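Visitor: Structure for this input, please:
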Amino acid sequence: MEPSADKMMCVGAIMGAHGVRGLVKVKAFLEDPSDFGALGAVHFGALGEPIPIVSAHRHKDAVLIVQLDGVDSRETAQALKSTQLFVPRTQLVDGEDEDMLLSDLEGLRVLDEEGRSIGTVNAVNNFGASDVIEIALDGSSKTVMVPFIEDAVPSIDLAAGHIMIDPAFMA
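Guide: So this is what the prediction gives:
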């Protein structure tokens, strides 16, 4: 189950206006928020037209102050509050075999170390400490959480469409 190359990925959300000249505060969803400006352009929503990023600098933590082309007043910036910003997946990875986004795991089959099916990856979440894989168990409406660490998830095979987990880590 190879990830779709043209899939749109959410890289941030506009939190509101910053100042009176159309700057926006953006919560970046990138591993390194400083990379946001290098994206070049973002889309308002997954189907929107690309909007060039004029400038972006770090404000605090994962919050950036961003100037988007065509957004030149506080009113326009404030109207964009809660808008999600997307880029094509190809902008985030270069196509090498080892390149993977956490969202690529969603929908993969989950196998134990003997190759028996356990379930399907529902989501990959981060509640503050580290990434956690949510697994929908086969034949049940229950889900379990597994920490996304090497001991718990010894192998990932995107091409084959599955990950292997150590069931001892299922919570």
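Visitor: Residue 125: neighbour count?
Guide: By other CB atoms under 10 Å, 12 other residues sit near residue 125. For every residue, glycine as well, the C-beta is placed using N, CA and C.
Visitor: what about it, distance to residue 63?
Guide: Taking CB to CB, to the nearest Å as the measure, residue 125 falls 20 Å from residue 63.
Visitor: Residue 28 too?
Guide: 7 Å.
Visitor: Could you do residue 34 as well?
Guide: From residue 34 to residue 63 the distance is 12 Å (CB to CB).
Visitor: okay, those two: which has more neighbours?
Guide: residue 63 (16 against 13).
Visitor: What's the local residue count around residue 132?
Guide: 17.
Visitor: ok, it - contacts?
Guide: Remark: with contacts taken as CB atoms under 8 Å, 6 or more residues apart in numbering, residue 132 is in contact with 124, 125, 126, 145, 146, 147, 148.
Visitor: List the contacts of the first one.
Guide: If you count contacts by CB under 8 Å, 6+ apart, residue 124 has them with 102, 103, 105, 106, 131, 132, 133, 134, 148.
Visitor: List buried residues within these.
Guide: For the contacts of residue 124, a burial check counting by 16 or more other CB atoms under 10 Å picks out 105, 106, 132, 133, 134, 148.
Visitor: and those as JSON lines, adding pLDDT and distance to residue 170?
Guide: Conversion of these to JSON lines gives the following (pLDDT from 0 to 100; distance: CB to CB, whole Å):
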{"residue": "105", "pLDDT": "86", "distance to residue 170": "16"}
{"residue": "106", "pLDDT": "87", "distance to residue 170": "18"}
{"residue": "132", "pLDDT": "90", "distance to residue 170": "11"}
{"residue": "133", "pLDDT": "92", "distance to residue 170": "10"}
{"residue": "134", "pLDDT": "93", "distance to residue 170": "11"}
{"residue": "148", "pLDDT": "90", "distance to residue 170": "13"}
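Visitor: where does the protein dip in pLDDT?
Guide: Counting by pLDDT under 70, the chain shows low-confidence ranges at 1-6, 93-100, 128-129, 171.
Visitor: any chance you could map the strands in it?
Guide: Secondary structure of the chain (DSSP state E): strands at 8-18, 23-28, 41-44, 50-60, 63-68, 84-88, 109-111, 117-126, 131-137, 143-147, 155-157, 162-164.
Visitor: All set now, cheers.
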